[in-house]
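**Q** Quick one, what's the 3D model for this:
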Amino acid sequence: MRPDRYPKDEKIMLEVIRKELERLDLLNSPKQTEYKRLKGQPSVPWIRKNLGLNWHQVLEKLNLDGKTLTYDWSKRSDSELKNSVIKFMGENMIYSSVDYTKRSDPNKVPGAGALRNRFGANIISQLLERSFEEYGVPSKVTRRNWVYLSKEEILDHMNFMIKSTGARTLLEYSESCDPRLAPSIDTARSIFGGSSQNLYRAYRERFGKEMFYLDIRNKKMPKIGES
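**A** Numbers count the residues shown, from 1 in each chain. Sure thing, here's the model as predicted:
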């Protein structure tokens, strides 16, 4: 947003500043010098001129002390941190990376920027998938990032979909598959090395049965024992 379009509403702008501090990974150490160096927006002069607040007053209103937050996430182990985020996501029905960025509570979980700096760019999507597995899929979710689940979990979801829909062929599965609950055949195939045979073989080994019996009779997939 351009500076000339910022609303001069203190409450709104304080939330904008908080999000900017989170984006710049400065919530744990919100120093004015660092905010200026990283070209944080809105700028300090804009804040002073339009909100009538100095940096210390901004931090007071945001319940930050300018040095460090009560929660120093760097002291938490990777597993503890991830579990805290997964729990927060599940309990608050977080449904996307953008939703997490907007609704994450810095007193309960690290911001999206801090998580990405520590674990990599895809960490939010990975933790969302773990949250969906443990707490259920929020209604606002329209698609899943299946690549972040294990192959065993992928097969379990596909088996659930086959059993719940009664799909007997690949076509029936494709037509009845709910993308929130199971991956498409193309997605699953890509996860298993781009090979239908690899996918069918893995399903057979996990459940002791063929994925689609009718397709076997039509010779559209390998039979048991075939390589």
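
**Q** Sketch out the helices for this structure, chain order is fine.
**A** 10-23, 32-37, 44-51, 55-61, 78-91, 97-103, 112-119, 123-135, 151-165, 170-176, 185-191, 196-207, 213-217 (DSSP state H).

**Q** right, so those: which one is the most enclosed?
**A** Mean neighbour count (mean count of other Cβ atoms under 10 Å) peaks for helix 123-135 among those, with a mean of 20. Where you see a C-beta, it was placed from the backbone N, CA and C, and this is true even at glycine.

**Q** contacting residues for the nearest residue to Met13 once chain neighbours are set aside?
**A** Residue nearest to Met13 in three dimensions, not counting chain neighbours: Leu51, with 6.0 Å by Cβ to Cβ, 6 or more residues apart in numbering. By Cβ atoms under 8 Å, 6 or more residues apart in numbering, the contact set of Leu51 is 8, 10, 13, 58.

**Q** Please tell me how far Leu51 sits from Glu175.
**A** Leu51 is 56 Å from Glu175, where distance means Cβ to Cβ, to the nearest Å.

**Q** Now do stretch 25-43, average pLDDT.
**A** Per-residue pLDDT over stretch 25-43 has a mean of 85.

**Q** Distance from it to the middle of the chain?
**A** Averaging C-alpha positions (Cα atoms, centre = their mean, to the nearest Å) puts stretch 25-43 25 Å from its chain's average.

**Q** Check the separation of the first and last residues in that stretch.
**A** End-to-end distance of stretch 25-43 (Cα to Cα, to the nearest Å): 16 Å.

**Q** From Phe132, how far out is the closest residue to Asn145 other than its chain neighbours?
**A** Nearest residue to Asn145, sequence neighbours excluded (Cβ to Cβ, 6+ apart): Ser125, at 4.8 Å. Using Cβ to Cβ, Ser125 is found at 11 Å from Phe132.

**Q** Repeat that for Ser97.
**A** Per Cβ to Cβ, Ser97 is found 13 Å from Phe132.

**Q** Show me how the record splits this structure into domains.
**A** 3-61, 73-135, 148-217 (automatic domain parsing).

**Q** could I get those domains as CSV with distance to Thr142?
**A** Conversion of the domains of the chain to CSV gives the following (distance: least, Cβ to Cβ, whole Å):
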stretch, distance to Thr142
domain 3-61, 25
domain 73-135, 9
domain 148-217, 7
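
**Q** Lowest average pLDDT across those domains?
**A** Among those, domain 3-61 scores lowest, with a mean of 87.

**Q** hang on, the earlier thing: and the residue nearest to Asn145, what is it in contact with?
**A** Taking Cβ under 8 Å, 6+ apart, we find Ser125 in contact with 97, 145, 148.
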